[in-house]
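predicted model follows, preceded by the sequence.
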Amino acid sequence: MLGKLLKYDLKWVYKVVSVFYILSLFFSVTGRLLNNIENSVVFSAITQFTFGFAIAMMASSLINCLMRLWARFIRNLYKDESYLTHTIPVEKKTIFLSKVLSAGITVFTTAIVIIVCLFICYYSKENLQVLKSMLEVTASTYDTTIVNLLLLMAFVFFLEVMFMILIGYVGIILGHKSNRNKMVKTILIGFALYMLTQFVTLGVVFIFGLFNQNVMNLVNTTDIVNMETIKLVMTGGIGLYAVYIAFYYWLGKKAFQKGVNVE
Amino acid sequence: MELLECKRLCKEFDGKKILKDINLTIPKGKIIGLLGKNGAGKSTFIKLVNDLLTPTSGEILINGKKPGVDSKEIIAYLPERTYLDKEMTIKQAINYFEEFYSNFNSEKAKKLLKDLNLDINTKIAKMSKGMQEKLQLILVMSRTAELYILDEPLGGVDPATRDYILDTILSNFSDGASVIISTHLISDIERILDEVIFMNNGEIALTSSADELRNSEKSSIDDIFRRYFKC
């Protein structure tokens, strides 16, 4: 049943997001071709506009992906369509898992499209050299290659977006438990959970700092932080995001399984 | 074992009791009219049975089990609103039902749609509300369910459509199944009812066999209802 649900969830999100993927790719390729044709002022301006559109479409892909995932969650589980979704013989935890997996898959493909478009727009030996020189120090601090570092950054971006989506899902579930002002409560709860999680992060850093002076220096001094500490905090940050995602998945699943009150 | 059993079922919204201590059993093989004025709690009761609302207290058992996957497998529910994804075509809606309900008969659905002269490639968004409701009715009645729950199937439709809806219900529900029809348009369904349940202010006001009630009160259920709920 999970596969069937996932098929419908993905279809709904991709129906619009794929248009932005195509537009992102179209403007990236067009910009790149124009860039290669001629070096006149007019062409240069058109090229810059085209690259600008490409960037705007990439940003729209991500924003639309997020908005459609949340919209799908509300429409499918709490509006008219919920009368069908909640009466098909499928466990609530499976319905919730399908929403989370569809979020993971669409965010992943959106990230891939953005990376590919950026590559099409800006790949050149010179740009690659600039990027290399920028990332070399950081990569060596992590005892890794630049490619692995870029993959790590993409992974952190993925975790951050998934964390935001899950906070949104939990906000929707808890906000829709009440009978009035559901959307206002959804937004307030989502925002409160986000802020609460940030405070917890600060608390964790502070507690960790009690045992590690370098980490504490991040909080109470303006001294230049050494790379080892940054590495430690970054690794800890990834771990924390993973814990938050697992926690909010568990919380959302629990709250959703307790039952709904559709409109 | 009763098909549907409610024990001390209560539902509150913001501290206001919408359903109060509902105790009810629905046997197998009956057509039951769930009758009451607007706001009597009929739709709330139906939503609770279908797991669309969470009870404040009390218990609902369907074939001895709480609402869940097993109950959804045997209940075919027609809500009072249109619930299909309007971006789908009729064909896609049929495929959806076929994929999720093991007891859905797509051939039966296609035949009923053909009788309505509906092209299965039509997009739901392009259909009138009345046609969307007919499509939903066909999809629901094409399931071989044990309990059909129809919430206000006759609401806001012309007399000819009412006849079509009643005929579709009567000629398509499975043998041995029960049908709960919620409505306040009693005269239209009176002839098909085996049992009646009157709801008033979130309570069960009366349950009776339709024939026994007619005989004891010496009038139609419609008249009894009008007397009972006179403002």
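Alright, I've got the coordinates.

hmm, A:Ile115 and A:Met58 touching each other?
No: between A:Met58 and A:Ile115 there is no contact, the gap being 9.6 Å when judged by Cβ atoms under 8 Å. No exception for glycine: its C-beta is placed from N, CA and C like everyone else's.

out of those two, which sits in the busier spot?
A:Met58 (25 against 14; other Cβ atoms under 10 Å in any protein chain shown).

list the residues that contact the residue nearest the centre of chain B.
Centroid check for chain B by Cα atoms, centre = their mean gives B:Leu150 as the closest residue, at 1.5 Å. Taking Cβ atoms under 8 Å, 6 or more residues apart in numbering or on different chains as the criterion, B:Leu150 is in contact with B:77-78, B:137, B:140, B:169, B:179-182.

also B:Glu2?
Applying Cβ under 8 Å, 6+ apart, we find B:Glu2 in contact with B:25-28, B:61.

near A:Val205, how many other residues are there?
18.

from the contact counts, what lies against the helix or strand harbouring it?
Assigned by DSSP states H and E, A:Val205 belongs to helix A:182-211. Using 3 or more Cβ pairs under 8 Å, 6 or more residues apart in numbering or on different chains; DSSP states H and E as the contact test, the elements touching helix A:182-211 are helix A:146-175, helix A:213-220, helix A:227-257.

hmm, the longest one in reach of chain B?
No: no part of helix A:227-257 sits close enough to chain B to count as contact by Cβ under 8 Å from any Cβ of the partner chain; the gap is at least 10.4 Å.

how many other residues sit next to the residue of chain B found nearest chain A?
For chain B and chain A, the shortest gap (Cβ to the nearest Cβ) falls at B:Thr54, measuring 3.2 Å. The number of residues packed around B:Thr54, counting by other Cβ under 10 Å, is 14.

can you tell me the closest non-neighbouring residue to it?
Among residues not flanking B:Thr54 along the chain, A:Gly259 sits closest, at 3.2 Å (Cβ to Cβ, 6 or more residues apart in numbering or on different chains).

so what's the one you found up against?
B:51, B:53-54.

what's the spacing between A:Val233 and A:Gly52?
Separation of A:Val233 from A:Gly52 (Cβ to Cβ, to the nearest Å): 35 Å.

who has more neighbours out of the two?
Set A:Val233 next to A:Gly52 and count neighbours by other Cβ under 10 Å: A:Val233 wins out with 18 against 12.

just checking, that one touches A:Val204?
No: using Cβ under 8 Å, A:Val233 is not in contact with A:Val204; the gap is 10.6 Å.

residue of the stretch 151-263 of chain A closest to chain B, please.
For the stretch 151-263 of chain A, the nearest residue to chain B under the criterion Cβ to the nearest Cβ is A:Gly259, separated by 3.2 Å.

helix/strand/coil for that residue?
Classification of A:Gly259 using DSSP: H, G, I helix; E, B strand; the rest coil returns coil.

element containing residue 48?
No chain specified, so I'll use chain A. Using DSSP H and E, A:Gln48 sits in helix A:41-78.

not quite, go with chain B.
Using DSSP H and E, B:Leu48 falls in helix B:42-49.

so what's the residue count around A:Thr222?
As a burial measure, A:Thr222 scores 6 neighbours (other Cβ under 10 Å).

so it sits in a helix?
No: according to three-state DSSP, A:Thr222 belongs to no helix; its state is coil.

and residue 77, what does it touch?
You didn't say which chain, so I picked chain A. By Cβ under 8 Å, 6+ apart, the residues touching A:Leu77 are A:85-86, A:95, A:99, A:172, A:176, A:260, A:262.

meant chain B, my bad for not saying
Going by Cβ under 8 Å, 6+ apart, B:Tyr77 touches A:83, A:87, B:46, B:50, B:140, B:148-151.

and it, its phi and psi?
Note on B:Tyr77: backbone dihedrals following degrees, to the nearest 10 are phi -120, psi 130.

what residues of the helix holding A:Val205 count as buried?
A:182, A:185-186, A:189-190, A:193, A:197, A:205, A:209 (16 or more other Cβ atoms under 10 Å in any protein chain shown).

quick check: angle from the host helix or strand of A:Tyr8 to helix A:41-78?
Using DSSP H and E, the element containing A:Tyr8 is helix A:2-37. Orientation check (axes from the mean of the first three to the mean of the last three Cα atoms, to 10 degrees): helix A:2-37 against helix A:41-78 gives 170 degrees.
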